[in-house]
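In: Sharing a sequence plus its predicted fold:
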Amino acid sequence: MSFARICVLIVLSLVVSACSDVPSERKITQLLQQQSDSTYENLISIDDVTKLNGWADNEHQYTVEITYTVNFKKSFKDYVDEQTDKPGNPLEKVATGIAAGVLKLQYGDFKAGDQYKVKQQALKLRKTEQGWALAD
């Protein structure tokens, strides 16, 4: 193989690796699921994430437009009852109830198995030492 071909292959591999340094649909799904799990323990499953568009705001920030499906694993009533029955700090229970109430305002009186399609949402991501993370 000639020196010129080797140089071209190296340059192409660098270009491809630089272009692929954007969050994948799989990574975005993982980040959304982690966020959901930290707020609503075992209530929601995030599925069918589709990336519509994405762009780098700068070297360490990326904006992505996505659609996805929210699947409820439990009903609003069952989730609130479960959280209320847990032992622990009453203030934490109130905070959990308020967070679930926000979901009820957004999605109505959801039941286990209900699905809602989020048609388009823009997310801001930041690049960290450990990979992509949702920006606050």
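Out: Alright, I've got the coordinates.
In: Strands along the protein, start to end?
Out: 44-58, 61-72, 115-128, 131-134 (DSSP state E).
In: so what secondary structure elements neighbour the first one?
Out: For strand 44-58, the elements it packs on are helix 25-39, strand 61-72, judged by 3 or more CB pairs under 8 Å, 6 or more residues apart in numbering; DSSP states H and E. C-beta: built from backbone N, CA, C; applies to glycine.
In: Give the full set of residues in contact with the spatially most central residue of the chain.
Out: By CA atoms, centre = their mean, the chain has its centre lying nearest to Leu32, at 1.6 Å. Applying CB atoms under 8 Å, 6 or more residues apart in numbering to Leu32 gives the contacts 46, 49, 68, 123, 134.
In: Let me have the residues you listed in a markdown table, extended by distance to Ala100 and pLDDT.
Out: Listed next are the contacts of Leu32 as a markdown table, based on distance: CB to CB, whole Å; pLDDT from 0 to 100:
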| residue | distance to Ala100 | pLDDT |
| --- | --- | --- |
| Ile46 | 17 | 97 |
| Val49 | 23 | 97 |
| Tyr68 | 20 | 97 |
| Leu123 | 22 | 96 |
| Leu134 | 21 | 95 |
